[in-house]
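Student: Predicted model and sequence below, questions to follow.
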Amino acid sequence: MELTSRLRLMNWLVNQGLTGLPENDLIRGFCQRCRAEGLPVSRGMVFIDTLHPIFEGRGFRWNDAETNESDVFEYGSTNEGEAAQAWRSSIFYHMLENGHEELPVDLADGGTHRFKFVNELAEKGHKHLVAYVHQFGEAGTMGQMDCVYSYWVTRHDDGFGAQGLAALRDLVPVLGLAIKSAAQADITKTLGRVYLGRDAAEQVLRGRIARGVTERINAVLWFSDLRGSTAISESIDPGEIIPFLNDYAQASIDAIHDAGGEVLKLIGDGVLAMFTHDNMAVAKRAALHAEHRFRRNMKALTVRRTAENRPVTTAHVGLHVGEVFYGNIGSDDRLDFTVVGPAVNEVSRIASMCRSVDRELLMSSAFRAGLDAAGRNYLVSTGRYALRGIGRAQDLYTLDPDIAADEVVAGKYERYLAG
């Protein structure tokens, strides 16, 4: 590949990296342009670790022929089990262990087939491979993301040749930089969603990061906490406390997200969430749908944990509706994107009343008042109560016991939630 062609491809990579082209599109465009300029790439594969609560990293690939392989894939931890064995048998592990930044492989040489996947490449007609490890400096790492791995394959009997290898040495680092840029953008979005919540993360990434920037909104508020969690935590092995809390947090968060809600904060074993919609009756139905799904998740969790001889519990949920301030609250260098206002305090007090009236779900009179007529028919009053720290007493409501006792009523309620 001539110098002019290399510069043209480098310029394309830089421009696409700046515009945020996704990694798989970068790989595809890079390989296609290499071939158009006379560099006979038949397959390209790039791996980069990430900072994600589930996945260790992502891989991106391109082939010159149709395959059943996906262009993008994610992989879990390579620290144990089969994944660890696969990693230790890979060409990249060998390169890291021996300090190689570039390693060419003649696929016709049986002696090199100790590396995982090499035999498969040879069987598909590829003849030569060159692998690269481009490591980041200390300031350029993010979590486990400290380098970009890649390999490039050709079907030519003579390989890439000296000029082709020289071109790859120039081009692959630029591609790696573009991929790193895209990966870091993905990491930023992931961290925002994981630690802030989905809507809050989107607002922060759009630039709403100044202290005091809030908006006044009407929202349905959810507060849930576990029953007897303190006593359970004191009675079990310390190593079981976090799995216990994680299991029950998963049950509630999944239910809230499935119903379109936004999880705002995890407070010990408590969950603060909100549901919004232009039509508040729709938001209230979504909250009831989330509560119903939560109970189903809890039942499945109880079955599993009981079979594992691990402690189980139930949960209290309070639902309320009111005006809140949603946005950035805190100091100049430590902000929380959340909701504040009297309604937030009130929903937590409503949830805490569940213990006193022996109900798993309590709703405020304001929640009931704005619900559609069909929904109100499924609620019954538990009485009038003065909430701690709240100036006025109010009626609290729960679900009609017939929903749990009568299959016909239960079916009607589920159809109402789905409507």
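Tutor: Received, thanks.

Student: Centre of the chain to the longest strand seen in the chain, how far?
Tutor: Selection of the longest strand in the chain by residue count, based on DSSP state E, yields strand 315-331. Put simply, strand 315-331 sits 23 Å off its chain's centre (C-alpha atoms, centre = their mean, to the nearest Å).

Student: Report all helices and strands that the helix or strand that that strand is followed by contacts.
Tutor: Sequence order places strand 334-340 as the next helix or strand after strand 315-331, per DSSP states H and E. Strand 334-340 is packed against helix 198-205, strand 262-267, strand 270-275, strand 315-331, with contacts defined by 3 or more C-beta pairs under 8 Å, 6 or more residues apart in numbering; DSSP states H and E. (Each C-beta comes from the backbone N, C-alpha and C, glycine too.)

Student: Is the residue lying farthest from the centre of the chain part of a helix or strand, or is it coil?
Tutor: Within the chain, the residue lying farthest from the chain centre (C-alpha atoms, centre = their mean) is residue 158, at 44.6 Å. When classified by DSSP: H, G, I helix; E, B strand; the rest coil, residue 158 comes out as coil.

Student: Could you check how far it is from residue 177?
Tutor: Going from residue 158 to residue 177 by C-beta to C-beta, to the nearest Å gives 30 Å.

Student: now do residue 254
Tutor: Using C-beta to C-beta, one obtains 37 Å as the distance from residue 254 to residue 177.

Student: Quick check on these two: which one has the bigger neighbour count.
Tutor: More crowded of residue 254 and residue 177, by other C-beta atoms under 10 Å: residue 177, with 17 against 14.

Student: hang on, the more buried one packs against residue 17?
Tutor: Yes: counting by C-beta atoms under 8 Å, residue 17 is a contact partner of residue 177 at 6.5 Å.

Student: secondary structure class for residue 129?
Tutor: Using three-state DSSP, the structure places residue 129 in strand.

Student: Enumerate every residue touching the closest residue to it other than its chain neighbours.
Tutor: Once flanking residues are discounted, residue 129 sits nearest to residue 105: 4.4 Å by C-beta to C-beta, 6 or more residues apart in numbering. Applying C-beta atoms under 8 Å, 6 or more residues apart in numbering to residue 105 gives the contacts 91, 112, 115, 118, 128-131.

Student: Just the strands from this protein, written as ranges.
Tutor: Going by DSSP E, the chain shows strands at 43-49, 57-63, 72-75, 102-106, 128-135, 147-154, 214-226, 262-267, 270-275, 315-331, 334-340, 361-364, 379-386, 393-399.

Student: Residues contacting the lowest-mean-pLDDT helix or strand in the chain, please?
Tutor: None of the helices or strands of the chain scores lower by mean pLDDT, DSSP states H and E than helix 198-205, at a mean of 81. Around helix 198-205, the neighbours that count as contacts under C-beta under 8 Å, 6+ apart are 188-189, 192-193, 196, 257, 262, 264, 327, 337-338.

Student: Surely residue 37 and residue 4 touch.
Tutor: No: at 9.3 Å, residue 37 does not count as touching residue 4 under the criterion of C-beta under 8 Å.

Student: Those two: which has the busier surroundings?
Tutor: More crowded of residue 37 and residue 4, by other C-beta under 10 Å: residue 37, with 16 against 9.

Student: ok, that one - contacts?
Tutor: Contacts for residue 37 (C-beta under 8 Å, 6+ apart) come out as 1-2, 5, 8-9.

Student: ok, so of those residues, who is nearest residue 149?
Tutor: residue 9 (20.5 Å; C-beta to C-beta).

Student: Give the buried residues for stretch 220-232.
Tutor: Going by neighbour count (16 or more other C-beta atoms under 10 Å), the buried part of stretch 220-232 is 220-226, 229, 232.

Student: got these as JSON lines, with pLDDT and distance to residue 48 columns?
Tutor: Shown next, in JSON lines, are those (pLDDT from 0 to 100; distance: C-beta to C-beta, whole Å):
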{"residue": "220", "pLDDT": "96", "distance to residue 48": "40"}
{"residue": "221", "pLDDT": "97", "distance to residue 48": "40"}
{"residue": "222", "pLDDT": "97", "distance to residue 48": "37"}
{"residue": "223", "pLDDT": "97", "distance to residue 48": "40"}
{"residue": "224", "pLDDT": "96", "distance to residue 48": "38"}
{"residue": "225", "pLDDT": "94", "distance to residue 48": "39"}
{"residue": "226", "pLDDT": "94", "distance to residue 48": "38"}
{"residue": "229", "pLDDT": "89", "distance to residue 48": "39"}
{"residue": "232", "pLDDT": "93", "distance to residue 48": "41"}
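
Student: could these go into CSV alongside distance to residue 299?
Tutor: CSV is the format used below for these (distance: C-beta to C-beta, whole Å):
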residue, distance to residue 299
220, 24
221, 25
222, 19
223, 21
224, 15
225, 18
226, 15
229, 18
232, 18
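
Student: Find the pair from the residues you listed with maximum spatial separation.
Tutor: Across those, the longest distance by C-beta to C-beta is 29.3 Å; it joins 220 and 232.

Student: for the helix ranked longest in the chain, packing partners?
Tutor: Looking across the chain with DSSP state H, the single longest helix is helix 161-196. Contact analysis of helix 161-196 by 3+ C-beta pairs under 8 Å, 6+ apart lists helix 3-19, helix 23-36, strand 43-49, strand 128-135, strand 147-154, helix 198-205 as its packing neighbours.

Student: Run the chain-centre distance for that helix.
Tutor: Distance, stretch centre to chain centre, for helix 161-196: 20 Å (C-alpha atoms, centre = their mean).

Student: In the chain, where is pLDDT below threshold?
Tutor: For the chain, the stretches with pLDDT under 70 are 110-113, 391.

Student: domains of it?
Tutor: As given by automatic domain parsing, the domain ranges for the chain are 3-194, 207-418.

Student: could these be laid out in CSV, adding distance to residue 201?
Tutor: Compiled in CSV, the domains of the chain are given as follows (distance: least, C-beta to C-beta, whole Å):
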stretch, distance to residue 201
domain 3-194, 3
domain 207-418, 8
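
Student: will you turn the helices and strands packed on helix 161-196 into JSON lines that also has distance to residue 367?
Tutor: Converted to JSON lines, the helices and strands packed on helix 161-196 look like this (distance: least, C-beta to C-beta, whole Å):
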{"stretch": "helix 3-19", "distance to residue 367": "46"}
{"stretch": "helix 23-36", "distance to residue 367": "45"}
{"stretch": "strand 43-49", "distance to residue 367": "45"}
{"stretch": "strand 128-135", "distance to residue 367": "56"}
{"stretch": "strand 147-154", "distance to residue 367": "52"}
{"stretch": "helix 198-205", "distance to residue 367": "21"}
